[in-house]
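Trainee: Here you go, sequence then predicted model.
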Amino acid sequence: MVDASDAGQRARRAFSLMTAAFSLSHAALTTAVMFATSALGDALGNFSNATLYTVSLLSSLVFAPWFINLLGPKRGLLGGLASCTVYLLCFSIAALELPGCACKDTREAVALVGAAVGGLGASLLWTGQGIFFLTVAQQLARPAKIPICDRDAQVELSKATSQLSSSFAFWLLMVECVVKLQLAAVQTFAYAKPWLFVLLGLAAVALVSFAFTDNLEMPRGTKMSMCSRAASALELWHDPTLWLLSLTAVSFGFSVAWLNSRVNAQLVEALGQPNLGFAGALTTAVAGVTSKLSGLAEKKGAFIALGAASFFLVGVLSTVRPASGWGLWVLLFYVLHGIGRGVYESTYKGVLGDFFPSKAVGAFANVLVQSMLPSITVHVLAALGHEAMANNLLIASAALTLPCFLLAGLRARTDLKHSDG
């Protein structure tokens, strides 16, 4: 039974505060990234986003696992929240072109340095969130300090990860949905740049509120020796299970980049530019509902299959060319991607907690790698005119997701039998 004691309530309260702070900061950061080219200009906006993504990817492999193992999940998350606040401050300053100011070089430097800091922040946030998540899940599942290898403890841990991952993903996506809806309204009816300081305010509120969260001890077995801290993510690359499970994240990375590089243009052509923000809000709303429903299922395989089917349909339907255009039906792509994203944000994170309870630092650090590299690949292929190849990669990864997930489960059961023997 999941712990309902005072310690369990304390852990749940800490998790709720973490979810609120993370959701606010994440919504502010992703909204700024979405508006980078319009607020900073095409060239500087693209360079800024490229800097943020590159630093985030590299940091998630080395710096973030080391930093969080050294200081713990709460301080790691505080570092991430602070870094994202600095990014939004720099972003707002760079976007605020004062009349008569001839400080182009300074503006570019502020934007790019801020983006680098934001990349560090994003890697710390996602890696720290994963460890904080697992810390709470293990405290709820093992109130009596049952060894993690105990089968009953494994069952309770799986239940706890399902509940927590669905709750976290639901609020993450709902907050993002509200922010995007408001941003779409601003884009339609008002001048957008004052909104930048609202984003900065959200990030600052997230930072201050999380500072008062209880500091939770990382579970035994989660911390690693000093020599292996920086290489924790790379060490798991030798484990086939990590790559078998990664297809959900890979498909998500392909799908989100495909929407941004191809489907968004179809939506603008069919419905007009102002509706792009509302379509993004639709995606996050659908993802939020999907993530909440995923917590009702004890078996995660069904939702992994649902996410794979959704990403697969995004790719397959992209090969269809209606004679009269997509019209309102173009929104189907955003609904399907929302379902897949809901599975990625909730069920997939819970699956990682189940398969790597004692190696969570490296497992969650690899999430950014698994989703970001496919996104970069799609953007490069689309820029070079190889859109068909990019779409084929999306279809192939989605088709392989469920078989690879089942194979990972088979490997885990085989390993458990060998350990029992």
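Mentor: Yep, that arrived.
Trainee: CA only for contacts and neighbour counts going forward, please
Mentor: Will do.
Trainee: all strands of the stretch 251-400 of the chain, in order?
Mentor: Applying DSSP state E, counting those that start in this stretch to the stretch 251-400 of the chain gives no strands.
Trainee: In space, what's closest to Val316 - neighbours in sequence excluded?
Mentor: Excluding the flanking residues, the one nearest Val316 by Cα to Cα, 6 or more residues apart in numbering is Ile395, at 6.8 Å.
Trainee: Cross-check the contact I'm expecting between the one you found and Phe312.
Mentor: Yes - Ile395 is within contact range of Phe312, at 5.1 Å (criterion: Cα atoms under 8 Å).
Trainee: Give the residue from those two that has the larger number of neighbours.
Mentor: Phe312 (27 against 22; other Cα atoms under 10 Å).
Trainee: roughly how far apart are the more buried one and Ala279?
Mentor: To Ala279, Phe312 is 20 Å away according to Cα to Cα, to the nearest Å.
Trainee: So for Leu58, what's the pLDDT?
Mentor: pLDDT, Leu58: 84.
Trainee: cool, Ser209 as well?
Mentor: As predicted, Ser209 sits at a pLDDT of 86.
Trainee: can you tell me the helix or strand for it?
Mentor: Using DSSP states H and E, Ser209 maps to helix 195-210.
Trainee: Alpha carbons of that helix, in CSV - could you do that?
Mentor: Output of helix 195-210 as CSV, limited to C-alpha atoms (Å, rounded to 0.1, in the frame of the first residue of the first chain):
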residue,chain,number,x,y,z
TRP,A,195,4.4,39.6,-22.2
LEU,A,196,8.1,38.9,-21.9
PHE,A,197,8.1,40.4,-18.4
VAL,A,198,5.1,38.3,-17.4
LEU,A,199,7.2,35.3,-18.3
LEU,A,200,10.1,36.6,-16.2
GLY,A,201,7.7,37.1,-13.3
LEU,A,202,6.4,33.5,-13.6
ALA,A,203,9.9,32.1,-13.5
ALA,A,204,10.8,34.3,-10.5
VAL,A,205,7.7,33.1,-8.6
ALA,A,206,8.6,29.5,-9.4
LEU,A,207,12.1,30.0,-8.0
VAL,A,208,11.0,31.7,-4.8
SER,A,209,8.2,29.2,-4.0
PHE,A,210,10.3,26.1,-4.5
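Trainee: Would you mark the buried spots in that helix?
Mentor: Under the neighbour-count criterion of 16 or more other Cα atoms under 10 Å, helix 195-210 has Trp195, Leu196, Leu199, Leu200, Gly201, Leu202, Ala203, Ala204, Val205, Ala206, Leu207, Phe210 buried.
Trainee: So for Ala50, what pLDDT did the model give?
Mentor: According to the prediction, Ala50 has pLDDT 76.
Trainee: can you tell me how far it sits from Val250?
Mentor: Where Val250 is concerned, Ala50 sits at a distance of 19 Å (Cα to Cα).
Trainee: Between these two, which has more neighbouring residues?
Mentor: It is Val250, of Ala50 and Val250, that has more neighbours when counted by other Cα under 10 Å, with 26 against 18.
Trainee: which residues touch that one?
Mentor: Val250 sits next to Gln370, Ser371, Pro374, Ser397 when contact means Cα atoms under 8 Å, 6 or more residues apart in numbering.
Trainee: Show me how far the strand or helix carrying it is from its chain's centre.
Mentor: Per DSSP H and E: Val250 is located in helix 247-258. The chain centre lies 11 Å from the centre of helix 247-258; the measure is Cα atoms, centre = their mean, to the nearest Å.
Trainee: For that helix, buried residues please.
Mentor: Quick answer for helix 247-258 (16+ other Cα under 10 Å): Leu247, Thr248, Ala249, Val250, Ser251, Phe252, Gly253, Phe254, Ser255, Val256, Ala257, Trp258.
Trainee: repeat for stretch 36-52
Mentor: Within stretch 36-52, the residues that count as buried by 16+ other Cα under 10 Å are Ala36, Thr37, Ala39, Leu40, Leu44, Gly45, Phe47, Ser48, Asn49, Ala50, Thr51, Leu52.
Trainee: Can you check the pLDDT for the residue nearest to Val316?
Mentor: pLDDT recorded at Ile395 is 97.
Trainee: Next: Ser310.
Mentor: So Ser310 comes in at 97 (pLDDT).
Trainee: ditto for Leu306
Mentor: The predicted local confidence for Leu306 is 94.
Trainee: Let me know whether it touches Arg341 as I believe.
Mentor: No - counting by Cα under 8 Å, Leu306 does not reach Arg341; the two are 10.6 Å apart.
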